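1. what would the 3D arrangement of this be:
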Amino acid sequence: MATQSFTPTHKMAANAKRGLRLREKFNRGGTDVGVKRAHQLAERRTVSEKDVKAMASYFARHAVDKSGQSHQWDSDDDPSAGFIAWLLWGGDEGKRWAEAKRKSLDEA
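-> Next comes the predicted model:
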């Protein structure tokens with residue numbers, strides 16, 4: 001079977017760019033892997049099957065970050081590290097997109 005590739009949405013790219021800006025401003029959130037993913041999404045470079053699976057796994061592991069008590073979720077003034085990292089991976093739109101793509105891959 002040939003490897004599929006997928007193009008991130010404009011909203012995912014916007015979320016990744018926001019995450020990169022917030023990470024720069026507050027010096028927190030995300031790992032080197034997350035930063036690389038953010039650049040990939042921000043530039044709307046194609047995402048491989050392996051990347052889709054990594055994204056879906058990231059979101060599954062990190063949904064708990066939304067309930068963190070330090071700093072704020074969805075804030076531009078005092079964002080939590082978890083929120084910044086979430087954005088680096090495409091935000092809520094990235095989560096929905098990756099889950100849908102992974103499901104289609106699993107069904108193929």
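2. middle-most residue in the chain, spatially?
-> Trp89 (1.1 Å; CA atoms, centre = their mean).
3. quick one, what contacts that residue?
-> 16, 19, 34, 37-38, 41, 55, 58-59, 95 (CB atoms under 8 Å, 6 or more residues apart in numbering). Placement of C-beta: from N, CA and C, glycine included.
4. Ala54: how many residues sit nearby?
-> Residues near Ala54, counting by other CB atoms under 10 Å, number 17.
5. look up how far Ser48 lies from it.
-> Per CB to CB, to the nearest Å, Ala54 is found 9 Å from Ser48.
6. burial count for Ala13?
-> 21.
7. now this structure, which segments are flagged as low pLDDT?
-> Low-confidence segments of the chain (pLDDT under 70): 1-5.
8. try it again at 80.
-> 1-5, 65-70, 108 (pLDDT under 80).
9. so Thr7 is in contact with Arg44, correct?
-> Yes: look at Thr7 against Arg44 with CB atoms under 8 Å: they come within range, at 5.8 Å.
10. hmm, back to that, the contacts of Trp89 in helices, which ones?
-> 16, 19, 34, 37-38, 41, 55, 58-59, 95 (DSSP state H).
11. just send the residues you listed back as CSV, with distance to Ser80 too.
-> As requested, the ones in helices among the contacts of Trp89 are exported to CSV (distance: CB to CB, whole Å):
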residue, distance to Ser80
Ala16, 17
Gly19, 12
Gly34, 14
Arg37, 18
Ala38, 16
Leu41, 20
Met55, 20
Tyr58, 16
Phe59, 16
Lys95, 16
